[in-house]
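[1] make a model of this:
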Amino acid sequence: GGPAHGEEADGMWAETFNNHPDTKPRGPESVGMDLFFPGAAHVYGIPEHASSLSLRSTRGANAPYREPYRLYTLDVFEYELDEPMALYGAIPFLAAHKRGATTGVLWFNPTEAFVDVWDGAHGAGKHARFMSEAGRVHMYVFPGPTPEDMYRQYLGVIGSQAMPPMFSLGYHQCRWNYKDERDVGRVEANFEDLDFPADVIWLDIEHTDSKKYFTWDRRHFPTPLDMQRSLAAHGRRMVTIVDPHIKRDGGYHVHREATEKGLYVKAHDGADFDGFCWPGQSSYVDFTSPEAREWWSGLFSLDRYEGSTLDLFTWNDMNEPSVFNGPEVSMRKDCKSVSGVEHRYWHNVYGLYQQMATAEGLTRRSPNGDQRPFVLSRSFWAGSQRFGAIWTGDNTAEWGHLRVAAPMILSISVAGLSFAGADVGGFFKNPSAELFTRWYQAGAFQPFFRGHAHHDTKRREPWAFGDPYTQILRSAAVLRYTLLPYWYTTFYLASQAGLPVMRPMWMVFPEDEKLFATDDQWMVGDALLVKPVVNEGERFAHVSFPAGSAPWYSLNTLRAHPVPAEGGVLRVEAPLEEIPVFIRGGSVLPRKMRLRRSAKLMFHDPLTLVVAPDASGSARGLVYLDDEETTRHETHGEFALRELTFAAGRLACGGARGKFEAATEVERVVVLGVAEPPRGVALLSAGGARTELTFVHDAEAAVLTIKKPAVRVAEDWTIALE
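    As a prediction, this is how the structure comes out:
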């Protein structure tokens with residue numbers, strides 16, 4: 001509609017915040033809605049906040065929080081813990097759960113919002129109130145009733161997690177800043193010398209010419225093509241930072257083009273907005289404009305981004321947007337888009353639109369227009385999962401920040417965004433060797449796995465603390481890489497409107513009320529339970545096992561862990577070199593056990609299938625395969641999804657979907673919980689041929705290892721224990 005007030009009302013509703021004016025030409029426009037979830041004891045979501053998974057009450061005499069949860073994307077320096085304050089991302093999605101019912105709601109309004117949460121009378125349920133500064137009342141309700149149903153409904157509206165390229169699930173090494181090409185070379189050489197797997201080395205803002213993105217500081221990075229090719233020779237990639245603020249320099253081609261084409265956000269008076277950020281005086285691309293996004297995508301073409309290759313990917317930071325001299329380090333709300341819409345109406349989606357345009361550019365630059373992009377964004381909104389990954393921003397090297405990382409990532413996951421992580425070791429300050437080790441172990445079991453640090457901190461690559469820490473960290477990284485086939489399969493399921501990759505316990509065990517508020521452990525998919533150690537000096541962990549879920553097997557030893565039928569909280573030993581991780585009985589876990597430099601070099605490696613039977617002796621799993629780099633799995637159906645089932649001593653591979661001609665073989669089958677060795681093991685092919693297989697039985701561990709069946713995953717076959 002038109003303005004709420006005529007010209008004679010101009011200035012009537014103007015406000016000032018810390019000397020920053022907001023003309024508010026339409027006056028008060030707030031909208032809101034109250035909700036009630038009968039019987040629900042817990043509600044989740046509405047990230048991003050450094051708070052618990054189960055949302056805390058903000059109203060009532062005994063409410064832990066005295067302010068509502070705020071949803072307004074901001075660049076927050078050294079954010080506080082256990083606070084409902086706004087952070088870098090904002091997804092106005094809230095999920096409520098009780099036994100027998102999971103419900104979700106999406107408050108589809110990208111203006112500044114506040115969300116109150118409080119208990120119903122006599123514990124009768126949960127109340128929530130969404131309040132937005134402006135915009136429309138637009139709410140989706142997703143009735144479930146199961147978590148799987150609810151996510152299928154929700155992601156059917158906003159879109160599923162994009163399938164990441166395989167390399168992006170490996171380890172990322174970042175710092176503000178690697179100083180020059182020699183520094184990058186030394187870092188990569190150390191990974192080589194230590195046989196330490198890693199996939200990506202990152203460059204922060206100092207790699208550019210005077211903070212002008214899409215450029216290189218030629219004093220320190222004179223041969224960027226050679227640098228990237230050197231990494232690519234070992235299967236590794238590079239990521240450079242490309243922020244949304246553009247240096248106002250008439251000799252800078254990006255600024256000149258954006259100015260000439262009229263693609264910048266406008267100030268209240270209609271001139272190009274002029275704010276202050278890393279380059280100094282800066283203007284901001286209006287990513288809400290389709291024309292601006294189209295132009296931005298074109299900047300990533302190899303002939304336009306000089307010094308770039310197809311092995312260079314992108315990091316979108318500061319896209320809340322961050323304006324150093326603006327209100328709350330952001331943009332004035334009465335700035336306007338190219339089409340004349342005030343910033344207040346689209347503030348929270350700015351980062352999403354930049355990530356969208358960047359991802360499109362990375363895909364379009366490839367010869368066939370089918371390269372799978374990798375883009376990391378700091379800001380996000382509902383649907384950002386379609387374009388890449390996010391992280392939890394500028395955390396601190398303190399135990400409290402390690403503890404809050406899991407609840408934050410779980411809340412982001414609840415909101416449908418699977419590819420999320422926290423800076424391992426903390427961005428600010430210097431972690432102790434123990435803190436860094438425990439954080440690295442936890443990060444190895446979170447979707448996005450990156451070490452990063454502020455330029456004022458000491459160097460903290462994984463070898464910085466020396467042995468025994470270097471070897472412990474290497475073991476954690478190697479463990480991550482052995483599980484990449486499982487991570488990749490789980491991401492595929494999430495991309496098909498499935499449950500998120502990193503799941504709260506209640507999502508996998510929706511009937512066990514004792515787990516509904518648990519946020520210090522999680523599930524990766526439905527097969528791995530992870531409980532990191534997050535307290536200084538502890539060499540144990542208290543793990544909550546769901547009722548009726550036994551048996552569980554230690555990922556470290558492959559032995560069955562004694563868990564009573566009723567479940568419960570058990571103390572588990574956790575020396576510094578181990579993170580407690582358990583395989584759920586009833587699972588078949590695909591792994592690759594050969595150590596390589598990087599994920600790319602694992603492509604042709606054979607699989608090891610770990611069979612972890614449940615109490616009935618049965619197990620099931622999936623393995624997903626494609627080319628790991630392009631979008632042909634979507635556009636041409638070039639993928640293979642295979643079902644692995646184990647029952648009555650027989651492991652069968654079948655249930656073909658997709659048309660990817662996978663040459664991947666199985667080199668080993670490891671069956672857990674086998675107390676007595678079989679008389680023999682035979683491979684039965686689909687054509688009826690029978691081949692005797694060799695095996696080894698470890699009676700003490702109750703583990704049966706079947707050697708070299710040498711069958712392709714793409715074929716139908718059965719392995720029988722006789």
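[2] chain center to stretch 232-245: distance?
    Mean-position distance between stretch 232-245 and its chain equals 18 Å (CA atoms, centre = their mean, to the nearest Å).
[3] can you give me the buried ones in that stretch?
    232, 234-245 (16 or more other CB atoms under 10 Å). Bear in mind the C-beta positions are built from the backbone N, C-alpha and C, glycine included.
[4] next one: stretch 302-321
    Of the residues in stretch 302-321, 305, 307-309, 311-321 count as buried by neighbour count, 16+ other CB under 10 Å.
[5] helix/strand/coil for the closest residue in space to residue 514 that isn't next to it in sequence?
    For residue 514, ignoring the flanking residues on the chain, the nearest one in space by CB to CB, 6 or more residues apart in numbering is residue 544 at 6.9 Å. Under DSSP: H, G, I helix; E, B strand; the rest coil, residue 544 falls in the strand class.
[6] partners of residue 544 in the sheet?
    Note on residue 544: beta-bridge partners residue 569, judged by DSSP bridges.
[7] residues in contact with it?
    505, 514, 515, 518, 521, 567, 568, 569 (CB atoms under 8 Å, 6 or more residues apart in numbering).
[8] closest one of those to residue 682?
    Of all the contacts of residue 544, residue 682 sits closest to residue 567, with 37.0 Å by CB to CB.
[9] name the spans of this structure whose pLDDT lies under the cut-off.
    Residue ranges of the chain with pLDDT under 70: 1-10.
[10] the strands in the stretch 51-200 of the chain, which residues?
    Secondary structure of the stretch 51-200 of the chain by DSSP state E, counting those that start in this stretch: the strands cover 69-71, 93-98, 101-107, 113-119, 125-132, 139-142, 171-173, 200-203.
[11] next, format those strands as TSV and append distance to residue 86 and mean neighbour count.
    Putting these into TSV (distance: least, CB to CB, whole Å; neighbours: other CB atoms under 10 Å) gives the following:
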stretch	distance to residue 86	mean neighbour count
strand 69-71	4	25
strand 93-98	16	25
strand 101-107	15	23
strand 113-119	9	21
strand 125-132	13	21
strand 139-142	21	15
strand 171-173	26	25
strand 200-203	26	24
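[12] closest to residue 478 out of these?
    When the strands of the stretch 51-200 of the chain are compared by CB to CB, strand 171-173 sits nearest residue 478, at 10.1 Å.
[13] ok, the longest strand along the chain: who's next to it in the sheet?
    Looking across the chain with DSSP state E, the single longest strand is strand 703-712. Here strand 703-712 has these sheet partners by DSSP bridges: strand 665-672 (antiparallel), strand 695-698 (antiparallel).
[14] so which of the ones you listed is the most packed in?
    Mean neighbour count (mean count of other CB atoms under 10 Å) peaks for strand 665-672 among the strands paired with strand 703-712, with a mean of 22.
[15] redo the strands paired with strand 703-712 as TSV? Include distance to residue 719.
    TSV is the format used below for the strands paired with strand 703-712 (distance: least, CB to CB, whole Å):
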stretch	distance to residue 719
strand 665-672	6
strand 695-698	10
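[16] what's the closest of those to residue 32?
    Nearest of the strands paired with strand 703-712 to residue 32, taken as CB to CB: strand 665-672 at 52.8 Å.
[17] so what touches that closest one?
    By CB under 8 Å, 6+ apart, strand 665-672 touches 553, 558-560, 583, 593, 606-613, 646, 651, 702-713, 719, 721.
[18] any quick ChimeraX command for the buried ones out of the residues you listed?
    Those of the contacts of strand 665-672 that count as buried under 16+ other CB under 10 Å are selected in ChimeraX with:
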select :553,558,560,583,593,606,607,608,609,610,611,612,613,646,651,702,703,704,705,706,709,711,712,713,719,721
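[19] verify the stated contact: residue 136 with residue 32.
    No - with contact taken as CB atoms under 8 Å, residue 136 and residue 32 are classed as non-touching, separated by 11.6 Å.
[20] so these two - more neighbours on which side?
    Set residue 136 next to residue 32 and count neighbours by other CB atoms under 10 Å: residue 32 wins out with 15 against 12.
[21] returning to what we had before: could you export the strands of the stretch 51-200 of the chain to TSV, including columns for distance to residue 297?
    TSV is the format used below for the strands of the stretch 51-200 of the chain (distance: least, CB to CB, whole Å):
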stretch	distance to residue 297
strand 69-71	28
strand 93-98	27
strand 101-107	27
strand 113-119	30
strand 125-132	30
strand 139-142	29
strand 171-173	23
strand 200-203	21
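[22] the ones you listed: which one's closest to residue 157?
    strand 139-142 (5.8 Å).
[23] packing partners of the closest one?
    Judged by 3 or more CB pairs under 8 Å, 6 or more residues apart in numbering; DSSP states H and E, strand 139-142 is in contact with strand 101-107, helix 147-158.
[24] isn't there a helix covering residue 229?
    Yes - under three-state DSSP, residue 229 sits within a helix.
[25] so what's the residue count around it?
    Number of residues near residue 229 (other CB under 10 Å) recorded here: 12.
[26] nearest residue to residue 140 other than its sequence neighbours?
    Nearest non-adjacent residue to residue 140 (CB to CB, 6+ apart): residue 106, at 4.3 Å.
[27] so which bits of the helix or strand containing residue 36 are buried?
    Per DSSP states H and E, residue 36 falls inside strand 31-38. For strand 31-38, the neighbour count (16+ other CB under 10 Å) marks 31, 35, 37 as buried.
[28] pull the distance from it to the chain's centre.
    Chain-centre distance of strand 31-38: 29 Å, with CA atoms, centre = their mean.
[29] outside of whichever helix or strand comes after that strand, which residues touch it?
    The helix or strand immediately downstream of strand 31-38 is strand 42-45, counting by DSSP H and E. Identification of contacts with strand 42-45 by CB under 8 Å, 6+ apart yields 37, 53-55, 91, 93-98, 104, 117, 126, 128, 411, 414-415, 504, 506, 516-517.
[30] same check on stretch 290-306?
    Under the criterion CB under 8 Å, 6+ apart, residues 214-216, 254, 257-258, 261, 263, 285-287, 308-310, 312, 314, 338, 353-354, 356-358, 360-362, 364-365 lie in contact with stretch 290-306.
[31] of those, just the buried ones, PyMOL syntax please.
    Per 16+ other CB under 10 Å, the buried members of the contacts of stretch 290-306 correspond to this PyMOL selection:
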select buried, resi 214+215+216+254+258+263+285+286+287+308+309+312+314+338+353+354+356+357+358+360+361+362+364+365
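[32] narrow the contacts of stretch 290-306 to those in strands?
    Going by DSSP E, the strands hold 312, 314 from these.
[33] with adjacent residues omitted, what lies nearest to residue 377?
    residue 355 (4.1 Å).
[34] can I get stretch 270-290 in PDB? Just the C-alpha atoms.
    Extracted in PDB, the C-alpha atoms of stretch 270-290 (Å, rounded to 0.1, in the frame of the first residue of the first chain):
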ATOM      1  CA  GLY A 270      18.300   9.100  -3.000                       C
ATOM      2  CA  ALA A 271      22.100   9.300  -3.300                       C
ATOM      3  CA  ASP A 272      24.200   6.100  -3.200                       C
ATOM      4  CA  PHE A 273      24.600   5.100   0.400                       C
ATOM      5  CA  ASP A 274      28.100   5.900   1.800                       C
ATOM      6  CA  GLY A 275      29.100   4.000   4.900                       C
ATOM      7  CA  PHE A 276      32.300   3.000   6.500                       C
ATOM      8  CA  CYS A 277      33.700  -0.600   6.600                       C
ATOM      9  CA  TRP A 278      37.000  -2.400   6.000                       C
ATOM     10  CA  PRO A 279      38.000  -0.400   2.900                       C
ATOM     11  CA  GLY A 280      37.000   2.900   4.400                       C
ATOM     12  CA  GLN A 281      34.200   4.800   2.600                       C
ATOM     13  CA  SER A 282      32.100   2.100   1.000                       C
ATOM     14  CA  SER A 283      28.800   1.600  -0.800                       C
ATOM     15  CA  TYR A 284      26.700  -1.500  -0.600                       C
ATOM     16  CA  VAL A 285      25.400  -3.600  -3.500                       C
ATOM     17  CA  ASP A 286      21.600  -3.900  -3.400                       C
ATOM     18  CA  PHE A 287      21.300  -7.700  -3.500                       C
ATOM     19  CA  THR A 288      17.500  -7.500  -3.300                       C
ATOM     20  CA  SER A 289      17.700  -6.300  -7.000                       C
ATOM     21  CA  PRO A 290      17.600  -9.100  -9.600                       C
END
